[in-house]
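need the 3D shape of this:
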Amino acid sequence: MTSLLQTLRRWHSRLAPFVLLPLLLTVISGMGYRLLRDWGGLSRNQAHLLLVLHEGEWLGPRAETIYVLLNGLGLLWMLISGGMLLVQKWRKQFKSP
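As a prediction, this is how the structure comes out:
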């Protein structure tokens with residue numbers, strides 16, 4: 001089991017830099033769009049640039065779908081692998097006196 005966790009940790013840390021920027025862009029633009037529309041009083045047209053960034057439209061119609069797919073898969077990978085690493089850490093803590 002240790003070698004599986006070491007492999008998981010290695011892949012988690014290797015993929016993290018590639019997943020970080022697209023996820024940050026998605027989160028910040030999505031939050032900005034919603035908050036500026038609801039609390040800032042901006043119209044849909046005024047906040048449209050944030051939606052373009054959020055959905056990956058800036059990449060063009062073909063790459064937009066790939067961006068969304070990879071962004072979602074990257075998030076799932078980081079959540080699942082990070083969760084597995086966290087559970088293993090908790091198990092070690094509960095076993096230790």
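
please count neighbours and contacts with C-alpha atoms only from this point.
Fine.

how near is the nearest residue to L8 once chain neighbours are set aside to G72?
Leaving aside its sequence neighbours, L8 sits nearest to S81 (CA to CA, 6 or more residues apart in numbering; 6.6 Å). Using CA to CA, to the nearest Å, S81 is found at 14 Å from G72.

in terms of neighbours, single out the busier of the two.
Taking neighbours as other CA atoms under 10 Å, S81 and G72 compare with S81 leading, 18 against 15.

ok, the more buried one - contacts?
Contacts for S81 (CA atoms under 8 Å, 6 or more residues apart in numbering) come out as L8, R9, H12.

list the contacts for the last one?
For H12, the set of contacting residues under the criterion of CA under 8 Å, 6+ apart consists of W77, M78, S81, G82.

for the helix or strand that contains it, the averaged confidence score.
If you go by DSSP states H and E, H12 is part of helix 2-38. Across helix 2-38, the average pLDDT comes to 93.

which elements pack onto the helix or strand that that helix is followed by?
Next in sequence after helix 2-38, counting helices and strands by DSSP H and E, comes helix 48-55. Counting by 3 or more CA pairs under 8 Å, 6 or more residues apart in numbering; DSSP states H and E, the packing neighbours recorded for helix 48-55 are helix 2-38.

measure how the helix holding H12 sits relative to helix 48-55, angle-wise.
Calculated by axes from the mean of the first three to the mean of the last three CA atoms, to 10 degrees, helix 2-38 forms an angle of 160 degrees with helix 48-55.

name the residues of helix 2-38 that are buried.
Applying a neighbour-count criterion of 16 or more other CA atoms under 10 Å, one finds 8, 12, 19, 22-23, 25-26, 29-30, 32-34, 36-37 buried in helix 2-38.

then stretch 79-86?
S81, G82, L85.
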